[in-house]
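Engineer: After the sequence you'll find the predicted model.
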Amino acid sequence: MKYKLGVVGDPIEHSLSPQIHNIFSKQTNINIEYQLYHVFETSLDTFIKDFFDEGGHGLNITLPHKSNCLRSVTNASSLVNLIGAANTLHSKHQDEIFADSTDGIGLVEDLKDKCLITSANVLILGAGGSASSIIPDLDACKPRNIIIDNRSKHNLDKLVQRFSSAKEINSSILTLESFNEEIDLIINATSMGFSGTFSWNKDFKTNNETVFYDLSYSKNDNQTSFLNWASQFSDKYFDGFGMLIQQAAAAFELWTGVLPETKIRKSDLLND
Ligand code: NDP
């Protein structure tokens, strides 16, 4: 059997997902065909329906389709219903398209050997789709507090309101303005990536052990602007490459039932 898989986005050429899944395929001896699909918003619904009607097994969904893909699914995990977005679709039966999200578990898995989330004060910078998608998995690790800050107050208030009132979330969800303790883990969930010099217009307290994590990642040794900034405060800073691999592994498991080995380096992708 050959699994028909792919990733859908606009743009999509930059995606490392085909290389990652081809490494998983070789490692597990599971036969896959994994393609990049450049799909515009206007063709998204038809594309997803046709892909699964024609025997497709699974899709990764990336920007800007993570929320809009939900129009085309027949069922979704409780996590997807909570965050309102998905990054993985799969179909085990005809006429069924199931939506799930592996971004949060990808982050938490990657953080396992980098810092302790339990009892930590976790600050998230950004209130967009990825901030929303990581909150439930961070919450499941029982942090001391989840603190959020964002450029636009409107989007910040919406996100805080949504998760403070969610019965599934047990942590206190606070804004940085109302918070005065030391932060143990700072996660950059903005889309600033490599643009210019990173800075944040509100102060927060850190200590020698504070870990800095950027959801953005580089394909080479270049550092993101957030990590350049973080390196003045701490030597514990990481980009989101590990999360990228972990979220892909969780998707591969949803499709095939097999969780692949995730010890992959950036150079392995360039050589694949
Ligand atoms: P969204 O577009 O949903 O959200 C963008 C966020 O960035 C918003 O909070 C926005 O603030 C903020 N922002 C944008 N520009 C600036 C700026 N100049 N200054 C301050 N804040 C800014 O993006 P996503 O949440 O989906 O993605 C964020 C990043 O996470 C991307 O770089 C993406 O590649 C990465 N990512 C990585 C993954 C991985 O596997 N490693 C998985 C998922 C995402 P405002 O509300 O004010 O507009």
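Structural biologist: Thanks, I have it.
Engineer: Pull up the gap between E96 and C69, please.
Structural biologist: Computed as Cβ to Cβ, to the nearest Å, the E96 to C69 distance reads 15 Å. (C-beta placed from N, C-alpha, C; glycine too.)
Engineer: ok, these two, which is more surrounded?
Structural biologist: C69 (25 against 12; other Cβ atoms under 10 Å).
Engineer: For the more buried one, which non-adjacent residue is closest in space?
Structural biologist: I61 (4.7 Å; Cβ to Cβ, 6 or more residues apart in numbering).
Engineer: again with S199
Structural biologist: S199 sits nearest to W229 (Cβ to Cβ, 6+ apart), 6.7 Å away.
Engineer: That neighbour touches T197, doesn't it?
Structural biologist: Yes - using Cβ atoms under 8 Å, W229 is in contact with T197, at 7.2 Å.
Engineer: ok, the two, which is more surrounded?
Structural biologist: W229 (19 against 8).
Engineer: Where does the more buried one sit, in terms of helix or strand?
Structural biologist: In this assignment (DSSP states H and E), W229 forms part of helix 225-230.
Engineer: Compute the number of surrounding residues for the residue of the stretch 1-150 of the chain found nearest the ligand.
Structural biologist: Nearest residue of the stretch 1-150 of the chain to the ligand: G128, at 1.9 Å (Cβ to the nearest ligand atom). G128: 17 surrounding residues under other Cβ under 10 Å.
Engineer: Next: the one 5 residues further on.
Structural biologist: Look at S133: counted by other Cβ under 10 Å, it has 28 neighbours.
Engineer: On the three-state scheme, it is what?
Structural biologist: The local conformation at S133, judged by DSSP: H, G, I helix; E, B strand; the rest coil, is helix.
Engineer: in terms of contact, does it touch S101 like I think?
Structural biologist: Yes - using Cβ under 8 Å, S133 makes contact with S101 at a distance of 5.5 Å.
Engineer: mind listing what the residue most central in space within the chain touches?
Structural biologist: For the chain, D103 is the residue whose C-alpha lies nearest the centre (Cα atoms, centre = their mean; 3.1 Å). Applying Cβ atoms under 8 Å, 6 or more residues apart in numbering to D103 gives the contacts 87, 130, 133-134, 243, 247.
Engineer: tally of neighbours for L107?
Structural biologist: Other residues near L107 come to 25 when the count uses other Cβ under 10 Å.
Engineer: next one: phi and psi at the closest residue to S231 other than its chain neighbours?
Structural biologist: Once flanking residues are discounted, S231 sits nearest to Y237: 6.0 Å by Cβ to Cβ, 6+ apart. Phi and psi for Y237, reported as degrees, to the nearest 10, are phi -140, psi 140.
Engineer: Can you tell me how far Y237 is from the ligand?
Structural biologist: The gap separating Y237 from the ligand is 14 Å, by Cβ to the nearest ligand atom, to the nearest Å.
Engineer: Repeat that for F179.
Structural biologist: F179 is 18 Å from the ligand, by Cβ to the nearest ligand atom.
Engineer: which stretch of helix or strand covers the nearest residue to that residue once chain neighbours are set aside?
Structural biologist: Spatial nearest neighbour of F179, chain neighbours left out: I147 (4.9 Å); criterion: Cβ to Cβ, 6+ apart. Assessed by DSSP H and E, I147 sits inside strand 145-149.
Engineer: Check the offset of the helix or strand just after that strand from the chain's centre.
Structural biologist: Per DSSP H and E, the first helix or strand lying C-terminal to strand 145-149 is helix 153-164. Once both centres are worked out by Cα atoms, centre = their mean, to the nearest Å, helix 153-164 turns out to sit 19 Å from its chain's centre.
Engineer: tell me which residues in helix 153-164 are buried?
Structural biologist: Across helix 153-164, burial judged by 16 or more other Cβ atoms under 10 Å covers 156, 159-160, 162-163.
Engineer: Test for you: state the pLDDT assigned to D272.
Structural biologist: D272 carries a pLDDT value of 60.
Engineer: and F212, that's in a helix?
Structural biologist: No - F212: not assigned to a helix; according to three-state DSSP it is strand.
Engineer: Could you find the closest non-adjacent residue to it?
Structural biologist: A230 (3.6 Å).
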